[in-house]
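**Q** Below are the sequence and a predicted model; questions follow.
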Amino acid sequence: MHDALGLSSGATTMFAIMVALGVAGVVALLAALFWPPRWRLSYRAEVVFAVLLTGLVVYADLDSARVYRAYESALPEAAVAGTARDAGEAAAGFDRSITVYTYQWGFLFIDASGAVSRNAMIARPGEKILFRILSNDVIHGFNLPAARITTEVDPGAVRSIWIRAPARPGKYLIQCVDYCGVGHYQMKAWLVVEEHAADQAHHGQH
């Protein structure tokens with residue numbers, strides 16, 4: 001099972017730091033208002049605090065730039081994505097059919113054999129894949145920037161879209177683009193494109 005997210009992810013760490021700073025700020029404000037003895041931080045402590053905040057802003061900006069670059073990446077091929085009018089189209093014309101359960105705050109991928117993967121799925125280069133997307137709780141979005149396709153799914157509904165996997169192996173971002181609660185910012189998954197062992201052996205002979 002592949003898991004693209006975890007407690008050690010940069011987004012979770014950043015969120016924890018911001019919560020800690022917010023709590024510390026509220027405590028400091030209450031102390032300044034209601035604590036009789038007046039006190040003041042030393043000049044050195046003020047400089048350290050300013051440097052820390054600047055570092056956090058720079059880190060957040062760099063991380064946002066990384067996500068933006070992933071969003072701007074696109075497949076070079078034509079006809080790489082689209083919608084399927086009927087979920088009954090799942091068996092015809094596609095290499096694979098994947099059921100995607102969206103939930104607060106992640107993605108669950110289930111293939112035709114029943115194999116389950118959380119927040120990541122593996123595909124072969126150029127594979128034509130049909131996604132049948134459902135919501136387990138609230139409205140969620142399903143956005144795959146590399147395929148230039150986005151849809152949203154309501155609880156109880158099914159959305160069917162298809163993509164052609166990128167020809168180049170790598171990790172391609174999948175993200176929710178509909179606000180779905182406090183964990184929305186970390187609702188991401190990955191389309192992991194890997195060559196099959198037989199394909200690698202074939203390429204190695206040429």
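**A** Noted; the coordinates are in hand.
**Q** To what extent is Ala16 buried, counted in neighbours?
**A** Burial of Ala16 is recorded as 11 neighbouring residues (other C-beta atoms under 10 Å). All C-beta atoms are positioned from the backbone trio N, CA, C, and that covers glycine.
**Q** cool, Asn136 as well?
**A** Applying other C-beta under 10 Å, I find that Asn136 has 13 neighbouring residues.
**Q** Could I get the contacting residues of it?
**A** Contacts of Asn136 were listed using C-beta atoms under 8 Å, 6 or more residues apart in numbering, and they are Tyr101, Thr102, Tyr103, Gln104, Pro155.
**Q** Go again with 10 Å.
**A** Asn136 makes contact with Tyr101, Thr102, Tyr103, Gln104, Gly106, Leu108, Val153, Pro155 under the criterion C-beta atoms under 10 Å, 6 or more residues apart in numbering.
**Q** just Tyr101 next, same as before
**A** 107-110, 116, 118, 132-137, 140, 153.
**Q** got it, and Arg159?
**A** Here Arg159 is in contact with 83-84, 87, 100, 102, 131-135, 140, 142, 151-153 (C-beta under 10 Å, 6+ apart).
**Q** Need phi/psi at Tyr59.
**A** The phi and psi values for Tyr59, taken as degrees, to the nearest 10, are phi -60, psi -50.
**Q** Just give the number of residues close to it.
**A** With other C-beta under 10 Å as criterion, Tyr59 counts 14.
**Q** repeat for Ile139
**A** The burial count for Ile139: 15, using other C-beta under 10 Å.
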